[in-house]
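Enquirer: my questions concern the predicted model and sequence given below.
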Amino acid sequence: MRDYRIGRLNGRFVVMWNNDDGTRRRYRLAAHTQKDAEREAREVIICQTAPSAGITVEQIWSAYQTEVEGRRQAAKLAQTGKNVLPYFGHFTPDQVTVEDCRAFIAARRAEGRKDATIRTELGCLRTSLLWAAKSRLIPLAPRIEMPQTPPPRERYLSQDEVGELLAAAGEPHIRLAMLLMLTTAGRIGALLELTWDRVDIDRRLIKLATNDIGPRKGRATVPINDTLMAALMPAREAALSRYVIEWGGRRVGSIKTGFNAAVARSGIDHCTPHDLRRTAGRFMAEAGVPMEEIAQYLGHTNPAVTRSTYAKFSPDHLRKAAGALEFGIRSSVQRTKVQTPSSNVSG
């Protein structure tokens with residue numbers, strides 16, 4: 001898209017640009033606000049005609065948020081929209097460019113935001129626009145450029161750190177949540193949604209998925225080991241609601257405050273609830289559990305993902321490969337045994 005400038009003439013917004021032949025063009029806009037002028041100007045430049053009405057990014061965002069109402073995505077859209085919509089909301093989808101994305105990335109970085117956060121924000125933008133295209137609200141979703149995926153953060157707790165963290169849990173529901181994360185390797189979102197009807201004490205099984213067609217990411221059916229059983233029995237007897245993790249008879253929406261307080265009291269390095277799931281995967285790998293079994297436990301549909309993350313912790317990792325690279329050890333040992341007596345005699 002050619003360079004242009006928005007200005008004012010006789011109290012009205014105008015857009016000005018240079019044609020390829022060097023002539024200067026100016027077009028009076030109908031807009032009454034700066035954002036409307038920006039949107040209208042882009043359509044003038046692109047179409048070289050008077051602008052036509054079109055659905056805006058903000059309208060699509062709102063429609064998509066209504067579509068996913070009641071799901072976690074709706075809360076994410078409500079939060080990220082506070083940062084995304086001031087930049088993109090007034091544009092129509094066809095006006096959004098890669099340069100806009102790069103400007104947004106630069107602005108958010110200047111505000112001190114990490115690339116992971118920016119990816120989440122632009123990811124919500126891309127998802128909402130793809131939904132609009134799939135729903136035929138727009139003919140085509142624009143390309144949304146995002147920062148590169150940051151390298152995975154690897155934080156694994158040691159056995160001692162796990163013990164210190166559990167001991168530092170100030171409230172029973174925080175400790176129970178920690179034990180559930182460590183023994184089921186479940187994501188915190190799935191565990192906060194866990195209800196007692198999916199905890200089979202007799203068969204010692206926990207079904208993390210809410211139903212057969214619900215969210216599947218990381219939601220396996222896993223056994224209840226002795227450690228978790230010892231925590232679940234008193235929790236079930238004292239339960240005042242249908243949720244396994246509860247406080248005051250009500251469902252817990254977040255354990256962030258209590259978890260962070262326990263981390264601070266324990267004196268261990270900073271960690272997050274997801275680090276407990278990651279730690280569980282490492283403990284299984286270090287115990288020699290096959291990667292395919294760990295993948296099932298973690299709810300991974302592709303064992304290759306599990307192997308790329310946890311295979312390095314297996315006690316047998318690359319040992320067969322190392323064994324194939326033994327060279328002449330037996331013959332050199334035999335020669336040493338034969339040569340030693342003769343060397344002693346000559347001495």
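Expert: Okay, I see it.

Enquirer: quick check: Gly11 vs Leu29, distance?
Expert: Using Cβ to Cβ, to the nearest Å, Gly11 is found at 12 Å from Leu29. No exception for glycine: its C-beta is placed from N, CA and C like everyone else's.

Enquirer: looking at the two, which is more packed in?
Expert: Applying other Cβ atoms under 10 Å to Gly11 and Leu29 shows that Leu29 carries more neighbours, namely 22 against 5.

Enquirer: quick one: the strands in this protein?
Expert: If DSSP state E is used as the criterion, the strands of the chain fall at 4-9, 12-18, 24-28, 199-200, 205-207, 221-223, 246-247, 250-251.

Enquirer: mind putting those into TSV with distance to Ile105 and mean pLDDT?
Expert: What follows is the strands of the chain, written out as TSV (distance: least, Cβ to Cβ, whole Å; pLDDT from 0 to 100):
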stretch	distance to Ile105	mean pLDDT
strand 4-9	22	80
strand 12-18	25	80
strand 24-28	30	73
strand 199-200	44	96
strand 205-207	41	95
strand 221-223	39	95
strand 246-247	39	95
strand 250-251	37	93
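
Enquirer: residue closest to the middle of the chain?
Expert: Thr120 (7.8 Å; Cα atoms, centre = their mean).

Enquirer: wait, it sits on Asn83?
Expert: No. Using Cβ atoms under 8 Å, Thr120 makes no contact with Asn83, being 9.8 Å away.

Enquirer: and the protein, what are its domains?
Expert: What automatic domain parsing lists as the domains of the chain is 4-47, 57-134, 159-313.

Enquirer: of those, which is nearest Pro147?
Expert: Ranking the domains of the chain by proximity to Pro147 (Cβ to Cβ) places domain 57-134 first, at 3.9 Å.

Enquirer: re the thing from before, spatially, what comes nearest to the residue nearest to the centre of the chain if we skip its sequence neighbours?
Expert: Thr80 (6.4 Å; Cβ to Cβ, 6 or more residues apart in numbering).

Enquirer: can you report how many residues neighbour the one you found?
Expert: Thr80, neighbours per other Cβ under 10 Å, totals 19.

Enquirer: what about it, distance to Gly89?
Expert: With Cβ to Cβ as the criterion, Thr80 and Gly89 are 12 Å apart.

Enquirer: same check on Ala37?
Expert: Taken as Cβ to Cβ, the span from Ala37 to Gly89 is 14 Å.

Enquirer: so for the two, which sits in the more crowded spot?
Expert: The neighbour comparison of Ala37 against Gly89 (other Cβ under 10 Å) goes to Ala37, with 21 against 18.

Enquirer: pretty sure the more buried one is in contact with Ile6, am I right?
Expert: Yes. Ala37 sits in contact with Ile6 when judged by Cβ under 8 Å, with a separation of 5.3 Å.

Enquirer: now the common contact residues for these two.
Expert: 13, 15, 29 (Cβ atoms under 8 Å, 6 or more residues apart in numbering).

Enquirer: could you check the pLDDT of the residue nearest to the centre of the chain?
Expert: For Thr120, the model assigns a pLDDT of 95.

Enquirer: same check, this time on Ile329
Expert: 65.

Enquirer: give the contact list for Glu40.
Expert: 13, 15, 29-31, 51.

Enquirer: let me have those residues in JSON lines, extended by distance to Thr257.
Expert: Formatted as JSON lines, the contacts of Glu40 follow (distance: Cβ to Cβ, whole Å):
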{"residue": "Phe13", "distance to Thr257": "48"}
{"residue": "Val15", "distance to Thr257": "50"}
{"residue": "Leu29", "distance to Thr257": "49"}
{"residue": "Ala30", "distance to Thr257": "50"}
{"residue": "Ala31", "distance to Thr257": "45"}
{"residue": "Pro51", "distance to Thr257": "49"}
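
Enquirer: show the buried residues in the residues you listed.
Expert: 13, 15, 29, 31, 51 (16 or more other Cβ atoms under 10 Å).

Enquirer: hmm, Pro172 and Ala235 touching each other?
Expert: Yes. Under the criterion of Cβ under 8 Å, Ala235 makes contact with Pro172 at 7.5 Å.

Enquirer: who has more neighbours, the two?
Expert: Ala235 (19 against 15).

Enquirer: still on that earlier bit, so which of the strands of the chain gets nearest Lys76?
Expert: Using Cβ to Cβ, the nearest of those to Lys76 is strand 250-251, at 18.9 Å.

Enquirer: give the partner strands of that closest one in its sheet and their orientations.
Expert: Using DSSP bridges, strand 250-251 pairs in its sheet with strand 246-247 (antiparallel).

Enquirer: quick one: contacts of the partner strand?
Expert: Outside strand 246-247, the residues that touch it by Cβ under 8 Å, 6+ apart are 171, 173, 239-240, 252.

Enquirer: low-confidence stretches in the stretch 101-250 of the chain?
Expert: Residues of the stretch 101-250 of the chain meeting the criterion pLDDT under 70: 152, 212-218.
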